[in-house]
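>>> A structural model of the following input is requested.
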Amino acid sequence: MPTPARVVVLPKENGPLEIVSVDLPDPSAHQVVIKQFASGVCHSQLHQMHNPRETSVLLGHESTGTVLQVGAEVTHVAPGDMVLVTWVPRNATEGDRAPEPARLELPNGDVALSQNVFTWSDHTIADEQYVVKVGDDIDREVTAIIGCAVMTGAGAVENTAGVKKGDSVAIFGVGGVGLSAVVAAKAIGADPIIAVDLDDEKLAFARQFGASHTINAGEENPVKTIKALTTQESKRSISSRPVAGADFTFDCIGLKQTMEQIVPAARTGFFGAEPGGTAVLVGVPQTNVELSAADMLHSEKKFIGSIGGSCSPDRDFPHYIEWFEKGLLDLNQMVTARYKLDDINDAAHALESGQISGRAIMVI
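Modelled structure (predicted):
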């Protein structure tokens, strides 16, 4: 039978977010209906709010919840199971069926669409590929951010970049995603771990999570400082200068300025012996960038992208939950703001104005 739900809707026309009462339909063969406990409030949702749209939009893409109903073909979860909802297919190699994005018919006759899932609601309905079974004793609130923030930041370090013990790392932007990257770099044994931001409070926070050095990019040139911290006098570049720069640089923001800083901040190549460093784009970009082709060529650097931390949730989520349980990933400290469903516009405003030092969640 249909499930009553209160859902946040971004209207087609500009205006505040609306909370709409709807009836979720019974699940189709591959869908799951979930009662939610908490949802992450992700910065990338701001892009959806500001970008033009042709329909109303359903927001949110990471949450914790318990299964209420499953479709006839769903076998990996059952009613009563605790789950994480995410926006990345839990096992993209399983079968040849494309996951179905969520859509809802609204009481006014309009249709609201999601990119794949929606979690800014007290109940949701999602394709089974976006639903990951977890243990019944999992924390019902702070683990909600594993479904995006944690996997995106930590996965970029582990999966996309393949950082190894002793590698030098610089992370631009230490909100929830950047802090997760710091945690992963610390767990791996990277050294140094350099955090870059404009906010001294966030930089101090990053030190608590494992950053060995911090740079306020509003007060000093981050590229020059990173090179000074990582200079290797015994190795020389093609121009016969000492090799300098981090082995891996991560942009967890996606601004034009930061995207254009991570390449020069990456390590120059050791001519004839070692290629240069790797710059990894993690944040969602809203603009194109200009990169120095000469620097890329002469220093043999790489510029690569990381979407969702190159994660496979079935494989990676148990790994991050174990980090949390062992104290390596302090989600209780990382979650610095909690909002109710009815306060979603306040949460969006706080996020946009930079008032959230770590990560915000919606507690339902």
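
>>> May I have the distance across stretch 50-70, first residue to last?
End-to-end distance of stretch 50-70 (Cα to Cα, to the nearest Å): 34 Å.

>>> Could you give the number of residues near K12?
Using other Cβ atoms under 10 Å, the number of residues around K12 comes to 14. C-betas here are computed from N, CA, C, even on glycine.

>>> ok, and the closest non-adjacent residue to it?
Excluding the flanking residues, the one nearest K12 by Cβ to Cβ, 6 or more residues apart in numbering is S56, at 5.0 Å.

>>> you'd agree R207 is up against T214?
Yes - counting by Cβ atoms under 8 Å, R207 does reach T214; the two are 6.2 Å apart.

>>> List the buried residues in stretch 302-313.
By neighbour count on 16 or more other Cβ atoms under 10 Å, the buried set for stretch 302-313 is 302-303, 306, 308-313.

>>> Can you list which of those are found in helices?
Among those, the members found in helices (DSSP state H) are P313.

>>> List just the nearest of the buried residues of stretch 302-313 to D139.
For D139, the closest of the buried residues of stretch 302-313 turns out to be P313, at 17.3 Å, with distances computed as Cβ to Cβ.

>>> Please report how far the closest one lies from R90.
4 Å (Cβ to Cβ, to the nearest Å).

>>> and for those two, which residues touch both?
V132 (Cβ atoms under 8 Å, 6 or more residues apart in numbering).

>>> all strands of the stretch 251-364 of the chain, in order?
Counting by DSSP state E, counting those that start in this stretch, the stretch 251-364 of the chain has strands at residues 278-281, 302-305, 335-339, 359-363.

>>> now those strands in a markdown table, with distance to G189?
Output for the strands of the stretch 251-364 of the chain, formatted as a markdown table (distance: least, Cβ to Cβ, whole Å):
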| stretch | distance to G189 |
| --- | --- |
| strand 278-281 | 18 |
| strand 302-305 | 22 |
| strand 335-339 | 26 |
| strand 359-363 | 24 |
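
>>> Can I get those strands in a markdown table including mean pLDDT?
Output for these, formatted as a markdown table (pLDDT from 0 to 100):
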| stretch | mean pLDDT |
| --- | --- |
| strand 278-281 | 98 |
| strand 302-305 | 98 |
| strand 335-339 | 95 |
| strand 359-363 | 95 |
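
>>> Tell me which of these lies nearest to V33.
strand 359-363 (18.7 Å).

>>> Show me where the stretch 51-200 of the chain has its helices.
Assigned by DSSP state H, counting those that start in this stretch, the helices in the stretch 51-200 of the chain fall at 149-155, 176-188, 200-209.

>>> can you list contacts of the shortest one?
Which is helix 149-155. The contact list for helix 149-155, computed with Cβ under 8 Å, 6+ apart, reads 40, 42, 62, 86, 88, 176-184, 252, 282, 306, 308-311, 313, 316-317, 320, 329, 331, 334, 359.

>>> Spell out which residues make up each domain of this protein.
Domains of the chain are assigned by automatic domain parsing as 3-140+330-363, 150-308.

>>> what's the offset of the longest one from the middle of its chain?
If I follow you right, that is domain 3-140+330-363. Chain-centre distance of domain 3-140+330-363: 15 Å, with Cα atoms, centre = their mean, to the nearest Å.

>>> Residue numbering should commence at 519 henceforth.
All right, first residue 519 from here; so that's domain 521-658+848-881.

>>> That one spans what distance, first to last residue?
The first and final residues of domain 521-658+848-881 sit 19 Å from each other (Cα to Cα).

>>> try the shortest one
Start and end residues of domain 668-826 are separated by 9 Å (Cα to Cα).

>>> swap in stretch 825-835?
Stretch 825-835: ends 16 Å apart by Cα to Cα.

>>> what's the spacing between the closest residue to G826 other than its chain neighbours and T786?
Of all residues not flanking G826 in the chain, V606 sits nearest, at 4.4 Å (Cβ to Cβ, 6+ apart). Relative to T786, V606 is positioned 34 Å away (Cβ to Cβ).

>>> Over to D860?
Separation of D860 from T786 (Cβ to Cβ): 53 Å.

>>> higher neighbour count, these two?
The neighbour comparison of D860 against T786 (other Cβ under 10 Å) goes to T786, with 28 against 11.

>>> could you measure the closest residue to A724 other than its chain neighbours against K682, distance?
Spatial nearest neighbour of A724, chain neighbours left out: A713 (3.8 Å); criterion: Cβ to Cβ, 6+ apart. Remark: distance between A713 and K682 (Cβ to Cβ) = 19 Å.

>>> Looking at the two, which one has more neighbours?
Between A713 and K682, counting by other Cβ under 10 Å, A713 is the more crowded of the two (30 against 11).

>>> Any idea what that one is bridged to?
A713 has these beta-bridge partners by DSSP bridges: I689, T732.

>>> List the residues that contact it.
Taking Cβ under 8 Å, 6+ apart as the test, what A713 contacts is 688-689, 692, 696, 700, 721, 724-725, 729, 731-733.

>>> Give me the buried entries from those residues.
Buried by 16+ other Cβ under 10 Å: 688-689, 692, 696, 700, 721, 724, 729, 731-733, out of these.

>>> Could you single out the nearest of the residues you listed to L586?
Using Cβ to Cβ, G696 comes nearest to L586 of the buried ones among the contacts of A713, at 34.9 Å.

>>> Next one: that closest one from D709, what distance?
From G696 across to D709, the span is 18 Å (Cβ to Cβ).

>>> ok, now A644?
Noted for A644: a distance of 40 Å to D709, by Cβ to Cβ.
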